[in-house]
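A.B. asks: This is a predicted model, with the sequence first.
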Amino acid sequence: MQYSNRYTYTLFAMFIFCVSYTSCTKKIIPEKPALNNNIVDTLPLSDIDIPVQIPLQPIVKMAESQIELQYVSDGYPNDFVVDSCTTRYMYRFRRGPVKLTGHGSELKLEFLGYYAIAGSQRLCAGVGSSQTAITPWSPPCTCGLKEAERRVQVGYTIDMRLNSNFSLQPLIKSLKPVPLDKCNMCFWSYDITSTIMDRLLVQMDDARKAIEDSIRIMQLRPKFQQLWDSLSNVISLAGLGYLRVNPEKLRISRLHVQNDTLVFSLGISARPVITQQKPAPVLRTVIPDISDFQLRSGFSLHLDAQLDYDSLSRILNQKLYKKRIDIEQVGKHVIIENCQIYGADGEKLIFKLDFSGSETGTFYLTGNPAYDVSTKQLSVNNLDYDIRTKDMLVKTAKWLFNKKILQVLQSYTKFDLNTYEKSLISQVNNQVPKELYPGVWVNGAVNAVTLDRLMPSKEKLIVRLSSTGNLRLTLTKLEW
C-alpha cells in the first residue's frame, strides 16, 4: 500500500509537470496567408525627348581647310588666259575668313573675297573660231592691282540630312559669286567682271565636291553608340538605389540650324526601373536605326521603384520593437518582438508579427497600401487579421482578436515618402550637368515626381512613379 501511494504521487507530479510545461511552451502559430503573385502589369513606355546642340565650328574649320586661300588664273602672274581672239586676262582671288550662318535646315558658309585683274585687247577680223588678229595686244590694263582690290561675296548653302543609319547626307550648292565692285577695264570700258566670276564659280565647285566628300565620311554612329551604351548602363543613385533606363527605341528629328549651332532632338522610348539592389550588367546591344520626327523637348517618364520588403520591415521594426499593447478589459497584454512585411497578389501587404506577453506566438495581418497625394504618405488601409489567424485566435486565444491591437498597429503602418521623393529628385538632378564622355554634356532637371500606383509583389513593393522634366545634350567637342 505504501509503495502504491508513492507511485500515485509520482504519476500526479508528472501529470502536473506535463500540464505546466505544455501550457508554458505552447505558442500561437497560425498558418501563413496564401501567397498569390498574380501581377499582370507592364510598365508604360516612357518618352524622353532631349534637344541636342552641336557647335558647327568643326564644319567651319573643315571648310577653311578645303577652300583655298587664294585662286589664280592659269599661268598667273606670267601668262594670260586668252578668252577670245579679242580679249585676254589674268586674275588673282584671295578669300577672307569663312563665316557660318543658318536658318531651318539650311546652313550657309560665306566669305568675302578680294580680286584683282589684268587684261588687254586687240582687233580681230572674221567671226567665231575663224577670227584672226590684225593688231597686237594693247598695253595691259589693271583693276585692283594699283588701287584697292575689288570685293566679291562668295559661299555655299548646305542642307544637312541625317540618314537612318546615322550617316550624313550633305546637299551643297555653290552660290553664284556676287561682285560688290566691278572692274571696268581701261580699253573701251570693257566689263570683264562676269567672265572672272564664271571662272571663279568653276573653282568653287571643285572645293564644294571636296567638302561633300569630307562630310560623308564623318562617323556619327560611334558617337551615338556611346550614348546608347551609357543609357544601358546601371546608374547609381547614391543612397537611393540604382537606375536602369532600359532603352528600347531611338528617334531623331530633322536637323535644324540656329546661328552657328546644329540643333535636333533625340528621342528615346524606355522602361526605367529603380532597384535597391544593384542589378546585373546588361549585355551591350547595337544601337537601332533612327527615324525622323518633329523637333520637340521634355520628357514624360513612367518609372517603377522596387522597394525591398526587408528595408520596409526594418523601418517598421524600429517603430514597433518591444511595443506593449495592453488589453485592459481582460487584463492581458502583447509585446511586439519582430515584424516582417511581404506582399501578395499585387493588392495586399502581409505583416507577420512575432509577439510575447500574456501569450507567445505569431499572427498575420493584411492590408491594402494606399498613397495620400496631399501628405505624400504611404499608409495601409483595411488592416485586419488574416483569415487563418482569425480562425486560430477564435479557437485558442480569442482575447487577441481585439480591435485595439489593430488600431495601435494601424497608426504605425505609415511611411513618409515626401523625403524619399525629394531625395530622388535631388539625386537625379545632381547627376546634371555631367560630362558623359569627353565633349558630351548633359544638362536639365526633373521638375516633379508623382506616385501613380502601388503593387505589392511577392518579393518587392513596386511603387510606380511618373515624372516630368527637361534634359539637354551639348556636344562641345567633335572628332570625326
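C.D. replies: That came through fine. Bear in mind that the values here come from a model prediction, so they are computed numbers and not experimental data.
A.B. asks: Spell out the secondary structure type for Pro279.
C.D. replies: Per DSSP: H, G, I helix; E, B strand; the rest coil, the secondary structure class of Pro279 is coil.
A.B. asks: Report the contact partners of it.
C.D. replies: With contact taken as CB atoms under 8 Å, 6 or more residues apart in numbering, Pro279 is in contact with 234, 242, 244. All C-beta spots, glycine's among them, are computed from the backbone N, C-alpha and C.
A.B. asks: PyMOL command for the buried members of those?
C.D. replies: Of the contacts of Pro279, the buried ones can be selected in PyMOL as follows, counting by 16 or more other CB atoms under 10 Å:
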select buried, resi 242+244
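A.B. asks: out of the contacts of Pro279, which are inside strands?
C.D. replies: 234, 242, 244 (DSSP state E).
A.B. asks: Looking at those residues, which one is closest to Val330?
C.D. replies: Proximity of the ones in strands among the contacts of Pro279 to Val330 was ranked by CB to CB; the top entry is Tyr242 with 49.5 Å.
A.B. asks: From Gly119, how far out is that closest one?
C.D. replies: Applying CB to CB, to the nearest Å, the value for Tyr242 to Gly119 is 76 Å.
A.B. asks: and Ser466, bridged to which residues?
C.D. replies: Note on Ser466: beta-bridge partners His302, Thr450, judged by DSSP bridges.
A.B. asks: Average pLDDT for stretch 451-469, rounded please.
C.D. replies: Average pLDDT, stretch 451-469: 86.
A.B. asks: Grab the CA positions of that stretch and hand them over as PDB.
C.D. replies: Provided in PDB are the C-alpha atoms of stretch 451-469 (Å, rounded to 0.1, in the frame of the first residue of the first chain):
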ATOM      1  CA  LEU A 451       3.100  58.300 -57.300                       C
ATOM      2  CA  ASP A 452       0.600  56.600 -59.600                       C
ATOM      3  CA  ARG A 453       0.200  53.100 -58.200                       C
ATOM      4  CA  LEU A 454       1.400  50.700 -55.500                       C
ATOM      5  CA  MET A 455       1.800  47.000 -56.400                       C
ATOM      6  CA  PRO A 456       2.800  44.500 -53.600                       C
ATOM      7  CA  SER A 457       4.500  41.700 -55.400                       C
ATOM      8  CA  LYS A 458       5.800  38.600 -53.500                       C
ATOM      9  CA  GLU A 459       9.400  39.900 -53.100                       C
ATOM     10  CA  LYS A 460       9.200  43.700 -53.600                       C
ATOM     11  CA  LEU A 461       6.800  46.600 -53.200                       C
ATOM     12  CA  ILE A 462       6.600  48.200 -56.700                       C
ATOM     13  CA  VAL A 463       6.000  51.900 -56.500                       C
ATOM     14  CA  ARG A 464       5.100  53.300 -59.900                       C
ATOM     15  CA  LEU A 465       6.100  56.900 -60.300                       C
ATOM     16  CA  SER A 466       5.500  59.500 -63.100                       C
ATOM     17  CA  SER A 467       7.900  62.300 -63.700                       C
ATOM     18  CA  THR A 468       8.200  65.300 -66.000                       C
ATOM     19  CA  GLY A 469      11.200  67.500 -66.800                       C
END
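A.B. asks: Now it: buried residues?
C.D. replies: Judged by neighbour count (16+ other CB under 10 Å), stretch 451-469 contains these buried residues: 451, 454-458, 460-467, 469.
A.B. asks: same check, this time on stretch 254-274
C.D. replies: Using 16+ other CB under 10 Å as the test for burial, stretch 254-274 gives 255-257, 262-268, 270-274.
A.B. asks: Any idea how far apart the tips of it sit?
C.D. replies: End-to-end distance of stretch 254-274: 33 Å, with CA to CA, to the nearest Å as the criterion.
A.B. asks: got it, and stretch 421-436?
C.D. replies: By CA to CA, one end of stretch 421-436 lies 25 Å from the other end.
A.B. asks: Mind listing what's buried along that stretch?
C.D. replies: In stretch 421-436, counting by 16+ other CB under 10 Å, buried: 421, 424-425, 427-428, 431-432, 436.
A.B. asks: now, which of those sits nearest Leu109?
C.D. replies: Leu436 (29.9 Å).
A.B. asks: Look up which helix or strand that closest one falls in, please.
C.D. replies: According to DSSP states H and E, Leu436 maps onto strand 434-437.
A.B. asks: Val72 versus the nearest residue to Thr87 once chain neighbours are set aside, what's the distance?
C.D. replies: Closest residue to Thr87 apart from its sequence neighbours, by CB to CB, 6 or more residues apart in numbering: Gln121 at 5.4 Å. Using CB to CB, Gln121 is found at 21 Å from Val72.
A.B. asks: Same check on Ala238?
C.D. replies: With distances taken as CB to CB, Ala238 is found 64 Å from Val72.
A.B. asks: ok, the two, which is more surrounded?
C.D. replies: Set Ala238 next to Val72 and count neighbours by other CB atoms under 10 Å: Val72 wins out with 16 against 9.
A.B. asks: Name the nearest residue to the more buried one, sequence neighbours excluded.
C.D. replies: Per CB to CB, 6+ apart, closest to Val72 is Arg92, 5.0 Å.
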